[in-house]
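[1] got a sequence here, can you build the structure:
(chains A, B, C, D and E, ligands or ions: 4)
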Amino acid sequence: MILNVDNISVNYGAINALRDISFTLNEGEIVALIGANGAGKSTSLNTVSGLLRPTTGKVEYLGSDITTVTPQAIVNLGIIQVPEGRKIFAKMSVWENLEMGAYTVKDRKVIQERYEMVYQKFPRLKERRNQPGGTLSGGEQQMLAIARGLMAGPKVLLLDEPSMGLSPILVEQIFDIIQEINKTGTSILLVEQNALMALAIADRGYVLDTGRIVLQGDADDLLHNPTVINAYLGGETTD
Amino acid sequence: MTSNIIQVQGVSKIFGGLTAVNNVNLDIAEGSIYSIIGPNGAGKTTLFNCISGFYIPDHGTVLFQGLALNGRSTDTIASLGLSRTYQNIRLFSNLTAIENVLVGQQPRLKETWVESILQTRRSRKEEKSSLVESFKWLDFVGLREFANSIAGDLPYGAQRKLEIARALGSKPSLLLLDEPTAGMNPQETLEMTALIRSLRDKFNITIILIEHDMHVVMGISDYISVLDFGNKIAEGKPEEIQHNERVIEAYLGPGGAALAQKYRKKKVS
Amino acid sequence: MKTLIRQSIRTGITYGIVQIFFILIAFNTMVGIMLAKISGIKNPGEIPAAKFLIAYTILMGLWVGISALSKKKFLPAGHKLLAGFTAGLVSAILVGLLELAMTGILVNKIFIRDFLTVLSFDFIKATLFGLTPVLGIVVTMGAIVLGSLLAVGLNIVTNLNAVQEHWKKDLSFLKNLNDKFQRMIRGKYHLIWQIVGISILAVAVIFIPMKWGSYWNYVFGTVGLYVILGLGLNIIVGLSGQLVLGYIAFFAIGAYTMALLNAPEPHNLMWGFWPALLLGVLLAALSGILLGLPIMRLRGDYLAIVTLGFGEIIRILLKSDVLTDFTGGPRGIQNIQGPMLFGKPFNSEVDFVYLIIAGVLLASFVYNRLQQSRTGRAWLAIREDETVARASGVDTIKYKLLALAIGAAFAGLAGGIYASRNQFTGPDEHALMASINVLSLIIVGGMGNIPGTILGAFTLKGLPEILREFANFRLLAFGALLVFMMLSRPEGLIPSHRPKYDEPNEVSGEMKKKEVPHDQ
Amino acid sequence: MNDPSSLPLTPKGNNNLQTNTNTAAKKLQAFQNSKFMKLLRPILGVVVSLYIVFRLYQVLVVHQEYGADTWTRLLISGLIIGGVYSLIAIGYTLVYGILFMINFAHGEVMMFGAYAGLYSFWAFKIIPIAGDPPTNFLNAYPILAIILAFLIGMTVSATMGFFLEKIAYRPLRKAPRLVPLISAIGASIFLQNAAMLLFSPQLRDVTNPDILRRGAGWTIVINGSNVILPYTGVFTFILSILLLVGLYILVRKSKLGRAMRATALDKKTAALMGVDVDSTISRTFIISGALAGAAGVMWGIHNGLVYYFVGFIPGIKAFTAAVLGGIGNLPGAMVGGLLLGIVESMGPAALGIDFQLKDVLSFLILIFVLTFRPSGLLGEVLSEEKV
Amino acid sequence: GQAAATEAPVAATEAPVAATEAPVAGGAPEACADALGCAVFEAGDVIKIGMGAPMTGGNASYGIDISQGATIAMSDAGDIEGWTFALDAQDDGGTAEGGAAVANKFAADPAIVAVAGHIFSGATAAAMPIYEKVGIPMLSPSATNPPLTASGSTVFNRIAFTDLNQGNNAADFIYNTLGVKKMAVLHDGSDYGKGLADIVAAQFVKDGGEVVIEQAITPGESDYTAVLSTVAAKTPDAIYFGGYTAEGAVLVNQMKTTGLENAKFFGCDGTYGEDFLTRTGANGEGAYASIAPASPDSDAKLTFNAAYLEKFGKEAGSLSPYTWAGYDAAAALAATVKQVAVVADGKLYIPRAALVAAVRSLSNYVGLSGTFTCQSNGECNTDKPQFVVVKDGAWTNAE
Ligand SMILES: Nc1ncnc2c1ncn2[C@@H]1O[C@H](COP(=O)(O)OP(=O)(O)OP(=O)(O)O)[C@@H](O)[C@H]1O
Ligand SMILES: Nc1ncnc2c1ncn2[C@@H]1O[C@H](COP(=O)(O)OP(=O)(O)OP(=O)(O)O)[C@@H](O)[C@H]1O
Ligand SMILES: [Mg+2]
Ligand SMILES: [Mg+2]
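    Ligands and ions are numbered 1, 2, ... in the order given. Predicted structure coming up:
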């Protein structure tokens, strides 16, 4: 177990966004978190990243408690989040955005290698490396966000809706890339609205509803669970 | 029904060296649902910005109900009956939902500030009627219960719907929707699709849609144009587009369910 | 435990430094004198008796102790004792060290007053309570520790935290009061209540100023004028979101229009008060539009600095040589007349208080109506997101100019009354600090609402009057309070709420608006 | 989804088109109004330019009021004043660039730096150094003394900057934007009065080391008249250029600089990249404070006068300079400062107006520049916002 | 109000007219029978002299300095059968708004019998009508704005040196005695500086001289090289400056580097003082000033200087040139109060109307900064100015 989220509750003022939820991520796994809008998926990721503090419960990384660790220290531990809505540094160029992704990396050579790696994965970014991030198209920004996450060389990657706003063909590529990253040993916690695809590549999945985990289990089982099919897959299945 | 509500004639938009939109022509029939699709960075949003007056096209003109829009400010264009939503949600996030919709009504109201101070009969009547309408629009998008919630605190999907309600406030005859279902799950997407359709069916609002979800696009569009690198590479009815080689190659790929199958096979093997 | 001690030591150091600073600015003798006055000594002299200085020192210790124990409601008594004592001791040591240094200065007769002015030998002796240095230092440290122990006792016996929390979180009693009030005037017997309320208010408004005496009438008159100013600036900043830093320029335009038209010098036009006031309001509004036209594209802080510049331009022009013949130059204009109403001339502070109250009512009325209308919503939309507001069909330029014009008109109104009341106006009245005061008052009070503006005006203009007792420590205290207020109540004293809309009942046409709490 | 049949729009009718074309005519008028708005700027530009040309023609050609020597003096004076403004403006811009907050107390931080410099020089002057004739530390080791004074001044101001942020601004990070501004104003009032009470309201003179005597300088003879290029002025000017270049490199090239920019753009995301937002902001204030300290010591050396109000006017001017150049932009602050200095010293002479009106002139220039470039001279142009 | 005068509440809250009956009822002396009544002091009360002065803000050094000078006057004033004097210095910020606030506060305080102020003319103008209503006499050490004495006020008087007198004489002196024919006139834009400069310029032209350039500088700055350079281009023989030491010293210093090293500098009473010498050093050599004729360094003045240094840690005059005037104004008021005060039944009565009249008829009062005799309009310092010049680092008589 690389990540263990144990019984956390999170509030925004008076709103309870998460109520006593627990989930785990094992070494080398892809785990999908799915659920309707406002279910608390992003809140979960932000809590793991240290941006939010749970009122109860704890978050463990490789067995040690990181509940009260600062976000930057968590990044240093290797837990990287690609946030919802891209959050590109609008006035920095593509190149500088990537450089920020590698903020915690000291070794210039490693950074150089990672550049090559992400440019090879997203050639469009290489073309646009001097364009300010804010003027990229929506999909280009999404690529940049993922690439920026990769620059840090994550051990655990938290992806928040990586396929949002991508063209169908790019969605395919992104999911390919996620699998590739996973193969190189990165554990991935994937939040997706595209539940079908997410569960297709995931090992396990959790279904969130208004701040609670209502279903969990093997990804394939979830894909065939009638509740999931009706509520989150729009009635669509793969068989 | 056959007249063209909007004509885009040879519009180009250039950023530095990059031609984001290149000589695009569109003729959009009144009362239709018209989709614009294309790869990321194809220039769809830029085209929207040219139509709605955010950008001044470098070449070409946009005719709305026969009136050239070039160089008009966005508020003038909005009062002519052209509304839009945004790819990255832009609500008045510190105001309540109902206030957002009330602001959307601005172009139809005639109350002046003097009347506001004096609260003349007309202004009171107008205030009331705009409030009634706003509540109805909120009802329509299913956000009645959130009327007095702060817009910024609403869940993402609700915010998208609220943007539509706000856009409808001005009784537009043309509505531009930029990826209305982004970030929604399939179930919510279905609801949104129904909502878009009823806008056209019930109120005869012409809709131009940018969307990456092919279920939506193929399901409700009357007509589709495909942009790639700023150029229109194809147009036609959904069936035609679905089978257009070039479009499949540049944009569509194998399609969602097929893809999922592919991955599952990979995983099993 | 360890963290508790560490925290207490840090508190002790912080407050030790604060106390050293207080001694170096002779705040101790100042407070000592005030204590002496409170205890009934009429003329305590420059340096108060030792017992008052000791009392001051104990008070300081009390402060340290209270601060060390703030936010520590649930500690066991022993821990509280430890925390309070540690903090008190640490700050006592720091103060002791300072007094040691001061003793050195005293003993070696070093003249250090070129660097630190207050350190005269008399002052050092007084700070040591007139005792021998060693004894003085011991007494000081003892007094501080004693104070902090007192604080521990107080903390255990009473619930000081509750007071702090009250201040921080909710002035909820205000809100409850308002709710009750609303219910009363809208409820079943609303007509009766309204009549009763209005008559009580009217009686109060008419008779209280007669009892206040001219000083408080003057002060409250000034507060009233700042309420008008605050409402005007609220339209510009709070509603339409344009940060204007030179707002007082419009006030100056109102004041000078009144002065130039109505005073015997320099032009001897001798217009009546009312036409001059009206013209002042119009000119201020016009200048708002003229200022607005070229800078409509500016946003945020660019607007701030341009308007700051505009304020300075007006001030400098008013006192400049080129315009001296026209404006009276740096001398300003004297003998401005008051209005005549029903054949009675206005010449006392009391008369003007009535005029100002009328002005405040008018301004509140206009503000309220605008805020709740289409116009107000257009402004809010512009404040939130100008680009989108525009694309939603709001003629942003028109509305921004409108906000500037109406806001400026309010300032013109206040300016006209102000000049006439003071019978004098000069260019230095209208300096940057005055603009800043108005801006501060609307934010301290709570931006965008009338009660907040009124409370803010009382705070910003009333507080310095109350702080008069502090002599030249007045602005120091004022600055510190300003920071403190922002830190503890960043939403302002009375935060704004978004109005709650109910769907109108189409039959009765009754429209209700309630308030829901909302943090902006 | 609710039944929409009772909605306000006329179902399936062409009424929409009707009403819309009706209003179209009215809107056309609004369009003309906006055309007026668009013409306003060019007209303003032409009128102002014509006026300036006319005045210049009068002053330079018709009256020939001033000779080359005077113009050189004015230029020197302008560059030096501008250099000081730039130095203060850089500190402003740095903080603004990160917190989008006008640090109103910046001028007061500078004032404390000026006091530190003043007292250092005084203290150095007291320290005797044996020799023939006996002298003091200040004049025996002037360079060391100057460096020490700068170090002390910069340390004092940097510490103040640090605590200012920590006490008065940090708790307000999430508050509405105007709240820290008011807090800053409160801090500014507090610091001014604290200095007045601590050090008395007296105006103090800074004792420079003899090699940097005020008033001494290189002499250039122009038109038979001695134009003096003061040492202190040149020193000021060079120092501000050096600090600017250093800072520019720091912000553009170093990791801290990148963290600062990322923090400026989006604090939450910066934290997700591993940036320690709090310490980045603290360090920004420390640097900005140190710059203010340097400016303060510099001010003392060149201008000679130090008192509790000394930070106020330069603070406002420097802020103006920062905005003129495009706030948040470091070279912009420099350009803005120099331009402001030159406008102040040469403008009144060139246009033949009273020197009393120099601030009117500089603010008019500011308005004029911002009318055409709404984000300052070097600020980025927000011509078309992407939505 | 801390004064425990029995009538305090009445006087504090009611219009002053109401004070008429009160003292009479208490068996007060006849002098209290008029409309303005008396200020009444019980045993142990303190007689307060008010002062409205800028104690904070950019001009605080004036307010603080003058009030410090006046404080010493209070302790020097002694007592009236046990009743001592105290100064109540209130911050008016130097503005009209503050001036009116302070005046209203003083007017409501029954223990305030007279006001040594205000310091700045704007505040004074706004305060005058308020004191007029309640009969509190003023004696300003520094408000020099000429129209202040032209408005027919009965309460306002000043020992500040009149600008008209000083200016005309200075112009004559410069033209006739110094033989300057081409002069530049500068001022700091304040009502004082500008007023003086305008008078000098007009008189100088009348005398037959030429004013080559008139400029106003922005006060509070410390780089005036630009203005001076344009002045230098007109090659004046002398520069007249109306303003204060802070700017005057800077001008003198910078004249040396801007091509004006040969022009004379002529200041006014605002630029006179020890501070000018320390600040200008060698550059100040040969600079002129015009001052009210004082008994130079009389014993009283030396005593005062010593007391000031002892008490406030600063040389007298280092904060502003008006320290001594501040002392004089307060001391003269205290002396006048002593003249009119009446003690009866263990109470001290100070008839307000009589005090107003007494201040207006002040005559041959010898102070530290001059000898004062009040004219009917309230001008009390109308002597011909004395001209001084810096010679070997000290002010010496120029005639
Ligand atoms: N900053 C905030 N302030 C108040 N409430 C918030 C805030 N952020 C989120 N919420 C609320 O918390 C709940 C969970 O939000 P969260 O963003 O985690 O949902 P999500 O599952 O990621 O949804 P989506 O699919 O729309 O991204 C929602 O009800 C939302 O309205
Ligand atoms: N203001 C701008 N400056 C420079 N380049 C821009 C600007 N706006 C857009 N672009 C570029 O123009 C191209 C088209 O962008 P646009 O946003 O229209 O794409 P899109 O079709 O909407 O893509 P997506 O589906 O990803 O949102 C992109 O490559 C983008 O980087
Ligand atoms: Mg989310
Ligand atoms: Mg797009």
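[2] run a quick neighbour tally on the residue of chain A found nearest chain C.
    Closest residue of chain A to chain C, CB to the nearest CB: A:G13 (8.3 Å). Every residue, glycine included, has its C-beta placed from N, CA and C. The burial count assigned to A:G13 is 8, neighbours taken as other CB atoms under 10 Å in any protein chain shown.
[3] could you check what's spatially nearest to whatever residue of the stretch 51-200 of chain B ends up closest to ligand 4, not counting adjacent residues?
    Closest contact between the stretch 51-200 of chain B and ligand 4, by CB to the ion, is at B:Q87 (4.7 Å). Nearest residue to B:Q87, sequence neighbours excluded (CB to CB, 6 or more residues apart in numbering or on different chains): B:D178, at 4.3 Å.
[4] thought the one you found was touching B:T85?
    Yes. Using CB atoms under 8 Å, B:D178 is in contact with B:T85, at 5.9 Å.
[5] shared neighbours, the two?
    Residues touching both B:D178 and B:T85 (CB atoms under 8 Å, 6 or more residues apart in numbering or on different chains): none.
[6] so E:S140 bridges to which residues?
    E:R158 (DSSP bridges).
[7] neighbours around the closest residue to A:G50 other than its chain neighbours, how many?
    Nearest residue to A:G50, sequence neighbours excluded (CB to CB, 6+ apart): A:P71, at 4.1 Å. A total of 23 residues lie near A:P71 under the criterion other CB under 10 Å.
[8] hmm, A:P71 is touching D:A271, no?
    Yes. The criterion here is CB under 8 Å, and A:P71 meets it with D:A271 at 4.0 Å.
[9] list residues touching both of these two?
    What both A:P71 and D:A271 touch, as defined by CB under 8 Å, 6+ apart, is the set A:50-51.
[10] buried stuff in stretch C:459-466?
    Neighbour counts over stretch C:459-466 (16 or more other CB atoms under 10 Å in any protein chain shown) mark C:459-465 as buried.
[11] oh, that last question was meant for stretch C:34-48, not what I typed.
    Across stretch C:34-48, burial judged by 16+ other CB under 10 Å covers C:34-37, C:41, C:44, C:47-48.
[12] where exactly do the strands run in the chain?
    Chain wasn't specified; assuming chain A. A:3-12, A:15-25, A:30-35, A:56-61, A:64-65, A:79-82, A:156-160, A:187-191, A:204-209, A:212-218 (DSSP state E).
[13] sorry, I should have been clearer: chain D.
    According to DSSP E, chain D carries its strands in the segments D:128-129, D:135-136, D:204-205, D:217-222, D:225-230, D:305-306.
[14] quick check, the residue in the stretch 301-450 of chain C closest to chain A?
    C:T387 (13.9 Å).
[15] after the one helix or strand that residue maps to comes which helix or strand?
    Element membership of C:T387, judged by DSSP states H and E, is helix C:386-391. Following helix C:386-391 in sequence order, the next helix or strand is helix C:396-422 (DSSP H and E).
[16] what about that next one and chain D, any contact?
    Yes. Counting by CB under 8 Å from any CB of the partner chain, chain D has neighbours in helix C:396-422: C:I397.
[17] give me the sheet partners of the helix or strand just after that helix and which way each runs.
    Under the assignment DSSP H and E, the closest C-terminal helix or strand after helix C:396-422 is strand C:424-425. With DSSP bridges as the test, strand C:424-425 is paired with strand C:333-334 (antiparallel).
[18] all strands of the stretch 51-200 of chain E, in order?
    E:79-80, E:83-91, E:112-115, E:138-140, E:156-158, E:182-187 (DSSP state E, counting those that start in this stretch).
[19] pick the most buried one from those.
    strand E:138-140 (a mean of 31; mean count of other CB atoms under 10 Å in any protein chain shown).
[20] shouldn't C:M447 be in contact with C:I235?
    No. If you go by CB under 8 Å, C:M447 and C:I235 don't touch, sitting 11.2 Å apart.
[21] one step back: compute the number of surrounding residues for the residue of the stretch 51-200 of chain B closest to ligand 4.
    For B:Q87, using other CB under 10 Å, the count is 19.
[22] pLDDT at it, what is it?
    Here, the pLDDT recorded for B:Q87 equals 86.
[23] wait, a helix at it?
    No. Per DSSP: H, G, I helix; E, B strand; the rest coil, B:Q87 lies outside any helix segment and is coil.
[24] give the contact list for it.
    Here B:Q87 is in contact with A:138, A:165, B:45, B:178-179, B:182, B:210, D:387 (CB under 8 Å, 6+ apart).
[25] if you set the cut-off to 10 Å instead, what comes out?
    Contact partners of B:Q87, counting by CB atoms under 10 Å, 6 or more residues apart in numbering or on different chains, are A:137-138, A:165, B:44-45, B:48, B:177-180, B:182, B:210, D:386-387.
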